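Participant: Fold the following.
(chains A and B)
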Amino acid sequence: MKKIFFLLVLLLAITSCTKEVKIDIPGFEEQLVIDGRIETGYPPLVLLSRSKDIYSPTNIDAFLASFVSGATVTVGNGTNEVVLDEICTDNLPAGTEAIASDLFGIPVSELANYHLCAYTTFDLSMWGQVGKTYYLTVTFEGKTYTSSTTIMPSTNFDNIFWKPDGDLTDYGYSWVTLSDVSNQYDSYMWEVKRINIGIDGQTKDAGYTKTYSPVFDDDFFDGLTFDFFYENPMVWDDPTVPDEYKGYYRLGDSVVVKLSKMDRDVFNFFEKKYIQMSTAGNPFATPTNIPTNIVGGALGVWAGFSTSYDTLYCVP
Amino acid sequence: MRNILLTLFSFFFLAFSFAQKKSTLSGTITDAESGEAIINAKIYIPAIRQGAVTNTYGFYSLTVESGKHTIEFRSGGMETVVKEFDLTADVVFNIEMSSEIKSIGEVTISAKKGENVNSARIGQIDLDVEKIKTLPAFMGEVDIIKAIQLLPGVSSVSEGGQGFYVRGGGPDQNLVLLDEGVVYNAAHLFGFFSVFNVDAIKSVTLIKGGMPANYGGRLSSVLEVHMNEGNNKKFKIKGGLGVISSRLTLEGPLKKDKGSFIVSARRTYIDVIMKAAIPESSPFSGSSYYFYDMNVKLNYKLTEKDKIYLSGYYGKDVFTYGNKTDAFTVDMPWGNGIAALRWNHLFSNKLFMNVTSTFSDYQFKFGSAQDEFQFALKSQITDVGGKVDFTYFPSTRHKVKWGVDYIYHTLNPTSVSAESQDVVFDTGEAQKLYSHESSVYVLDEFDLNEKIKLNAGLRYSMYQHVGPFKRYIKGDISNPDSVINYSKGDLIKFYSGLEPRVSGRFLLSETSSIKAGYSYNYQYVHLTSLSAVSLPTDIWYPSTDKAKPQKGWQGSLGYFHNFKDDKYETSVEVYYKGMKNLIEYKEGALPGDNVNDNTDNILVFGTGQAYGIEFFVKKAYGKLTGWIGYTLAKTDRKFPDLNGGDIFPAKYDRRHDLSVVAGYKLNERWTFGAAFIYATGNTLTLPTSWYVQDQNLLFNYGARNSTRMAPYHRLDLSATLYDKSYKVKQDELTGEPIKVKKKLRSNWSFSVYNVYNRANPFFMYVDSNGDFLNGDFKISVKQVSLFPIIPSVTWNFEF
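Facilitator: Next comes the predicted model:
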């Protein structure tokens, strides 16, 4: 269906003209955005920001200014509750600079110039554990927002392998064999990074990258064992890779695959998020609002992930 | 309600019982030149101010008191025939009417003169196909749907679009009939051209309110299109050569005065142009688009009382795309096939019967392949049906119709298949849905007295959703998902309902009247659309145990006044329409969501209302003809599961809609046309804000359809240059110059679409570009416009 839309857009592109216009888009209401996650074996992490009017400035300062601080954020697991610490870029604990840089997308050298805050805890009792439900409460400017998420049992791959694609010998996709657990809802997120060490002594990829459409659930394969493949998302923008080899892993690559499972509400958020990102502006697609699992009028998500890792060595 | 109906029907039969010595004049009216039946010709007795009109098959029946009568036979563009009859017994009088011979500037007075004031029907418009041919034509393609969109109360979907909305109803709420076969998708080229080849079309009628009881199955309107029957006197060829398409029509007698045929075909050559434009070396050299369609009709008079008609339409659009670089190909055909076999029988000079069997099929396919991966999608609706209609003409005061009809629907909303090498993906079972739709109706069009005329009817429709069928039930925490299997023929759900229809006219004077109408309708098949614009991918879905039939009622009231001997016709109509069980997709629904599931599990249901006032001024005859139509309207929807349960404007809610249409016949050779349209912009849903999650920019959309695009306006012009109808020769005997009628007649039709090159909005979207961190990030609202000024020329010929 996406291809149909693509072709229709192509047809329009041949016959149409496009211009920038300024029209009244009524209904803007500033909302708090909660971007929270808790992963197996990791502490909860919450970022807070504000939504911005569609016509508001979009420079880096405006983007960074959308983050807010001064909130009270608590996480509970049904047994006890912890108030998260507010940790800000202008006052980071030693050794956390790289994490903060990755989190906000600004260089380490610039972190101190901004007051960007994240909420987390070093209390190990509140770090993510499989099977537990975590309750989030955010109080900000007199309003309270709540949510909950469950860390589902993880699923490991039966097998992970690489094989050359078609007539190619040195390039192919990452393949896995997955056995989905029957009679229960399962949803997955796929992230990857290459860990080959380059001549500079660094790994090829510093962090995990999500593929083009990284989430899927077991609506079509509940309880089945099957093979499927994913492309290499890291090379699409790499100018050193020729076009005909885009999307492939190269013979000799070492790739860590991170497979995260989540509950249905979290999946709904991410499914719609990636659909919106791929269809925004397409007249043949319906406008996709991203459903939130947060109660109280905020946007965003409070997401629990159970993760499993496997390493793929790209050899036949 | 029951009491009202009882009284009404008691009245019909009482009315018939006051019989005196009467005689019936009946027969058929045909065109002397072609033998084509003339629809809506008027048979009128001025002395008693009573008359009749011919039906779709040219048949009329007039029962009056026995005695001498002077009777007029009138039809637009035909010589009026006046004849004395001494009706002492029933008389059959078949008449062939000849074209009027007029000098320049002479006016054509239509048979429908005064009809808008006198008729009991409200909201019905008959379009003159010949007039449509002189209107400006988009890319040279004369188009009856675009002509309809110029009428008050009717609006187009979007720039160039074929879908039309009538009085706030959805595009699926229009019953489009081609020779009584249902047309499910009346569009070619994603909606820019209609499936109706104007050379094959004889008459076009739009009923936008007060739908008579013989029509049903849709809430909003009926667009009834009849094909030409073919010349039963002599063979003729006509056609046209246009910028993007050409057409050719052959017609002639099967047996002179007994039967005839017509074959009309059309094909675009966009693919040829694309082939020339895209070099062989281009990666896209395998891409092309074309459409073709063909109309065929045969008719034969078996006896004086029996005639059969066979009509067929087949049309297809084919879009192919090829990209050699990534070995990606697409093949996307879609189209309609329609066939209707009809038998007319005259039981007596007062009782006419028509039996019709119809077949209608719409298919959309999409196939793509990339390397070893193949994907195919198919959607199809097939109807097989039949109907029997009787018309009884007991007196000039009554015309009674009754009948039954039946359709067997087979719908395949979406079936998907995908495979790669030897692996076949589980894309779910193709779901076919089967249903029976049937109805019975009776109606009477009668004169209560000189001033009051009524058209009252009752329709009873029934619908059965039957197996085989799989009902998927989504479970929750305590109940797992489950499936109910229905076997072939199992009754899954039965719906039925009474559909009363009444319209009437109260004559205030000879030139003015007040009309009112009420209709209640059921609709059992629905069009579901995921996109903001109408597409061939929109799927038809039948009523099921979950998707209830749409129900709607409409009330309308109008004042009609003609001036200057009916040269100017004016009217004001107000209407209110209420609709229930309307269908939309759930928020965030995706095309693949119905795989291994029922489509109706991702549908939501709501109500709608529409109301408005329509002003219409028409200059009916003279050198300058045309109309001005203005509509002030509002239509909104309320779905508990959409927009937070709040009321929202329908996507085709338009506050103002103005159209000005003019035709000017300068002389026998030149005719000019103009059309101007102004409409409030369409609604759409745009993001009101942006936010960031995990360093991704996301949009938050505002209330549904809360943004309005800029107004739409456009002027089109046309000019038609006819050749001389004669050539001058020397008389062989006298040597005098004489005029000889030319065998080959032709005309050049010039059109300019969007004369002042207005960039009308087709759709808008919010675009984001750049990177926050690089400082070049920008969000902007973009407007896409489709067609700039487009001149075109077509050469039409006939011999």
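
Participant: Start from the N-terminal end of chain A and give the helices.
Facilitator: A:2-15, A:60-65, A:97-104, A:264-279 (DSSP state H).

Participant: Now do stretch A:82-99: distance from first to last residue.
Facilitator: With CA to CA, to the nearest Å applied, stretch A:82-99 spans 22 Å between its terminal residues.

Participant: Name the residues of the stretch 51-200 of chain A found near chain B, please.
Facilitator: Counting by CB under 8 Å from any CB of the partner chain, the positions of the stretch 51-200 of chain A adjacent to chain B are A:51-55, A:58-60, A:63, A:66, A:105-106, A:165-166, A:183. Backbone N, C-alpha and C define where each C-beta goes, glycine included.

Participant: Type out the ChimeraX command that picks the buried ones from those.
Facilitator: This is the ChimeraX syntax for the buried subset of those, where burial follows 16 or more other CB atoms under 10 Å in any protein chain shown:
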select /A:51,52,54,55,58,60,63,66,106,165
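
Participant: Off-centre distance for stretch A:81-96?
Facilitator: 22 Å (CA atoms, centre = their mean, to the nearest Å).

Participant: So what touches that stretch?
Facilitator: Counting by CB atoms under 8 Å, 6 or more residues apart in numbering or on different chains, stretch A:81-96 makes contact with A:44, A:46, A:69-76, A:100, A:104, A:106, A:111-123, A:125-126, A:135, all of which sit outside it.

Participant: Report the buried residues of it.
Facilitator: Of all the residues in stretch A:81-96, those buried under the rule 16+ other CB under 10 Å are A:82, A:84, A:86-89, A:92.

Participant: where exactly do the strands run in the stretch 351-500 of chain B?
Facilitator: When secondary structure is read from DSSP state E, counting those that start in this stretch, the stretch 351-500 of chain B shows strands at B:351-370, B:373-395, B:398-420, B:423-424, B:433-447, B:452-466, B:469-473, B:482-486, B:491-509.

Participant: Is it possible to get a markdown table of these that adds mean neighbour count and distance to chain A?
Facilitator: Output for the strands of the stretch 351-500 of chain B, formatted as a markdown table (neighbours: other CB atoms under 10 Å in any protein chain shown; distance: least, CB to the nearest CB, whole Å):
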| stretch | mean neighbour count | distance to chain A |
| --- | --- | --- |
| strand B:351-370 | 19 | 5 |
| strand B:373-395 | 19 | 7 |
| strand B:398-420 | 18 | 9 |
| strand B:423-424 | 11 | 8 |
| strand B:433-447 | 21 | 20 |
| strand B:452-466 | 21 | 25 |
| strand B:469-473 | 17 | 11 |
| strand B:482-486 | 12 | 12 |
| strand B:491-509 | 18 | 24 |
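
Participant: Now the weakest link among those, please, by mean pLDDT.
Facilitator: Mean pLDDT per stretch puts strand B:423-424 lowest among these, at a mean of 60.

Participant: hmm, which two among the buried residues of stretch A:81-96 are most spread apart?
Facilitator: By the measure CB to CB, the buried residues of stretch A:81-96 have their two most distant members at A:82 and A:89, which lie 22.2 Å apart.

Participant: if you count residues, which strand in chain A comes out on top?
Facilitator: Counting by DSSP state E, the longest strand found in chain A is strand A:299-313.

Participant: need the contact list for residue A:218.
Facilitator: For residue A:218, the residues meeting the contact criterion (CB under 8 Å, 6+ apart) are A:180, A:185-187.

Participant: okay, those in TSV with distance to residue B:387 and pLDDT next?
Facilitator: As requested, those are exported to TSV (distance: CB to CB, whole Å; pLDDT from 0 to 100):
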residue	distance to residue B:387	pLDDT
A:180	52	87
A:185	49	87
A:186	52	90
A:187	51	92
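
Participant: In strands, which of those residues fall?
Facilitator: Among the contacts of residue A:218, the members falling in strands (DSSP E) are residue A:187.
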